[in-house]
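Novice: Build me a model:
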Amino acid sequence: MTLGDSELETFVPFLVDAYRRGALPLERIQRRYRFEEINQAAADAASGKTVKPVLVF
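Specialist: Model prediction:
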């Protein structure tokens, strides 16, 4: 196994379980914002509400 490889039969169920328990907050990792919402995107990133704000033009 090399770096980045995973055994899918156990890794995917592990991720699903983590998400269901609230330990993997996917909705915080990336969130899309209209360009007009740029200030909200910056505020959400600063507060930790989202990890990766993405501006959509």
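
Novice: What ranges does the chain have for its strands?
Specialist: 30-34, 52-56 (DSSP state E).

Novice: Would you format those as TSV with distance to residue 14 and mean neighbour count included?
Specialist: For glycine as for every other residue, the C-beta is placed from the backbone atoms N, C-alpha and C. Compiled in TSV, the strands of the chain are given as follows (distance: least, Cβ to Cβ, whole Å; neighbours: other Cβ atoms under 10 Å):
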stretch	distance to residue 14	mean neighbour count
strand 30-34	20	14
strand 52-56	22	12
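
Novice: quick one, what contacts the spatially most central residue of the chain?
Specialist: For the chain, the residue nearest the mean C-alpha position is residue 29 (1.9 Å; Cα atoms, centre = their mean). Contacts of residue 29 were listed using Cβ atoms under 8 Å, 6 or more residues apart in numbering, and they are 50, 51, 52.

Novice: worst-scoring helix or strand of this protein, pLDDT-wise?
Specialist: Scoring the helices and strands of the chain by mean pLDDT, DSSP states H and E places helix 26-29 at the bottom, with a mean of 84.

Novice: Distance of residue 15 relative to residue 22?
Specialist: With the distance defined as Cβ to Cβ, to the nearest Å, residue 15 ends up 13 Å from residue 22.

Novice: Looking at those two now, which is surrounded by more residues?
Specialist: Just comparing residue 15 and residue 22: by other Cβ atoms under 10 Å the higher neighbour count belongs to residue 15, 14 against 7.

Novice: pLDDT at that one, what is it?
Specialist: pLDDT recorded at residue 15 is 92.

Novice: nearest spatial neighbour of it, skipping sequence neighbours?
Specialist: Excluding its sequence neighbours, the residue lying closest to residue 15 (Cβ to Cβ, 6 or more residues apart in numbering) is residue 24, at 6.4 Å.
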